[in-house]
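> sharing a sequence plus its predicted fold:
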Amino acid sequence: MEIKKAAMAGTLESSDAQVTVEPGSGSIDLTIESSVIHQFGRQIRATVLETLDRLEVRDAKVTVVDKGALDCTLKARVECAVYRSNDITENLPWGGVIR
Amino acid sequence: MMHPNKKRLRRSMMFLNCQKPGLIKDPYIYKPDSIMLDLEDAVAENQKDAARYSLYHALQEIDYRGVERVVRINGLDTPHWKEDIRVCVAGGADTIRIAKTESAQDVHTVEEHVLAAEREFGRPEGSTLLMAALESCKGVLNALEVCQSSERLIGIALSGGDYTKDLQTTITGTGVELQGARQHMIIAARAAGVQCWDTVFTNLDAMDVFEEEVKMIKMMGFDGKSLVNPRQIDIVHKVFTPSQKEIIFAEKVVREIDEKKAQGIGVFTVDGKMIDIAFYDGAKRTIALAKASGVYEGDL
């Protein structure tokens, strides 16, 4: 999927993550900010990249501000931001690329 | 064939806002009978989409340890309910709570879309149960037709806030404004053989008043109550779980009726109370409730 415009999902509340996607400059440029970056930074990075890969997002600037989100929350926030950047809110591929 | 979970124990049904990851990640620790993951009123209008992604992954990835996963979808008068149904079914929700139900037709409309989603996502047809929230005077008056509308329908729940608004009054704390709806709904539910749940109690500083209300709705015949806070769960379970005294008496009633029936005796006394066959089903129900609540140690 193409990132057509900047979009954001999530909050800065505990157990959540705020994910921003913006049109990229040829590849994935991922920035992560987290209070648990030393413990979970690698896992957060892997989950976000896997989710972007499933959605076939190849060109985007992605910023994640993590507040102790579980993997399922990270995935949900990345997916929401990507679909928002395309203004898609209906007939989503549940169980397909969203899984 | 009836769905095996249609009549499961539902004393406590706790609302959780799908917009809040911190709330939906581990509510099973409070041991409610059901959680109600909310896509409706608790979710801000511009976050309806975000709540669905969270819901889908929670349903798929969090082990709620046997707690029933109900999802409250947005009303049929909104642009959201169709996608809500798709995500509920795809995620594998146990039950969908239909907001603002007013007629059997409302249930049929939802049922049609649930069936289409079960086919789309390869889930067994008929596996998703439904419950209907009655939130208006019209909905309450149509309780019986709603209760009889679908094999999937497990029961009806009163939504007191919207209902009293429609009635042109408010929640007063006395319960007087809800009397008619409560009485009518429980009668309709029993006539149709489905369950019935009372509305939420939102004043968390008045736990004694809450307990009195729970005792009252138990006496009226309700199966349980919608809840807004984990602190309310233990009180509901305490009130709705038969005491050892009640269980022992129920066992005596069942045993005596079985024995006296064989001897050709119709009416007799147990612990000084006159008993006949009319007490049999009630005693059986007490034992069934004790079993379902995990407090029965007998052999009936």
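That came in fine, so what should we check first? As the structure is a computational prediction, the values presented were derived from the model and not from experiment. Numbering: from 1, shown residues only, chains lettered A, B, ... in the order given.
> roughly how far out does the longest helix along chain A sit from the chain middle?
Counting residues, the longest helix found in chain A (DSSP state H) is helix A:37-54. Taking the mean of its C-alpha atoms, helix A:37-54 sits 9 Å from the chain's own mean (CA atoms, centre = their mean, to the nearest Å).
> quick one: buried residues of that helix?
A:40, A:44, A:47, A:48, A:51, A:52, A:54 (16 or more other CB atoms under 10 Å in any protein chain shown). (C-beta placed from N, C-alpha, C; glycine too.)
> and the residue of the stretch 201-300 of chain B closest to chain A?
Across the stretch 201-300 of chain B, no residue is closer to chain A than residue B:230, which sits at 16.1 Å (CB to the nearest CB).
> residues contacting residue B:56?
A:76, A:94, A:98, B:87, B:90, B:91 (CB atoms under 8 Å, 6 or more residues apart in numbering or on different chains).
> so residue B:82 sits in a helix?
Yes - according to DSSP: H, G, I helix; E, B strand; the rest coil, residue B:82 belongs to a helix.
> measure stretch B:219-236 end to end?
One end of stretch B:219-236 to the other measures 13 Å (CA to CA, to the nearest Å).
> residues in contact with it: which ones?
B:10-15, B:27, B:30-33, B:36, B:155, B:157, B:159, B:182-183, B:186, B:190, B:195-202, B:204, B:207, B:210-211, B:214, B:217, B:240.
> for residue B:227, what are phi and psi?
Main-chain dihedrals, residue B:227, degrees, to the nearest 10: phi -130, psi 160.
> and chain A, which residues reach chain B?
When proximity is defined as CB under 8 Å from any CB of the partner chain, chain A approaches chain B at A:9-10, A:13-16, A:69-73, A:75-77, A:79-80, A:83-84, A:89-92, A:94-95, A:98-99.
> tell me which of those residues fall in strands.
Among these, DSSP state E puts residue A:9 in strands.
> ChimeraX command to pick out the buried ones of the residues of chain A next to chain B?
ChimeraX command restricting the residues of chain A next to chain B to the buried ones, with burial defined by 16+ other CB under 10 Å:
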select /A:9,10,15,16,69,70,71,72,73,75,76,77,79,80,83,84,92,94,95,98
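> and the helices in the chain?
Since no chain was named, I'll use chain A. A:37-54, A:71-85.
> the intended chain is chain B.
So, for chain B - with DSSP H - the helices run B:21-24, B:48-61, B:81-91, B:104-120, B:137-141, B:143-147, B:160-166, B:179-192, B:207-220, B:233-240, B:244-262, B:280-292.
> from the chain's centre, how far out does the second one sit?
So the one you mean is helix B:48-61. With CA atoms, centre = their mean, you get 22 Å for helix B:48-61.
> could you tell me the angle between it and helix A:71-85?
Angle, helix B:48-61 to helix A:71-85, by axes from the mean of the first three to the mean of the last three CA atoms, to 10 degrees: 150 degrees.
> tell me the buried residues in helix B:48-61?
Of all the residues in helix B:48-61, those buried under the rule 16+ other CB under 10 Å are B:48-60.
> which two of those residues have the greatest separation?
B:48 and B:60 (19.2 Å; CB to CB).
> now for the residue of the stretch 101-250 of chain B found nearest chain A: which residues touch it?
Relative to chain A, the nearest point of the stretch 101-250 of chain B is residue B:121 (5.7 Å; CB to the nearest CB). Neighbouring residues of residue B:121 by CB under 8 Å, 6+ apart: A:94, A:95, B:86, B:89, B:90.
> want to throw those into JSON lines with distance to residue B:273 and pLDDT?
Conversion of those to JSON lines gives the following (distance: CB to CB, whole Å; pLDDT from 0 to 100):
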{"residue": "A:94", "distance to residue B:273": "56", "pLDDT": "98"}
{"residue": "A:95", "distance to residue B:273": "57", "pLDDT": "96"}
{"residue": "B:86", "distance to residue B:273": "54", "pLDDT": "98"}
{"residue": "B:89", "distance to residue B:273": "49", "pLDDT": "98"}
{"residue": "B:90", "distance to residue B:273": "53", "pLDDT": "98"}
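> of the buried residues of helix A:37-54, which is the nearest to residue A:26?
Among the buried residues of helix A:37-54, and counting by CB to CB, the member closest to residue A:26 is residue A:52, at 14.5 Å.
> pLDDT value on that closest one, please?
pLDDT recorded at residue A:52 is 98.
> list the residues that contact it.
Residue A:52 neighbours (CB under 8 Å, 6+ apart): A:28, A:60, A:62, A:78, A:82.
> report the contact partners of the fourth one.
Contact criterion CB under 8 Å, 6+ apart gives A:9, A:19, A:21, A:48, A:51, A:52, A:55, A:62, A:64 as the residues in contact with residue A:78.
> would you point out which residue is most central in chain A?
residue A:78 (2.3 Å; CA atoms, centre = their mean).
> residue B:140: how many residues sit nearby?
The burial count assigned to residue B:140 is 24, neighbours taken as other CB atoms under 10 Å in any protein chain shown.
> I figured it hits residue B:184, correct?
Yes - contact criterion CB atoms under 8 Å: residue B:140 and residue B:184 qualify, at 6.1 Å.
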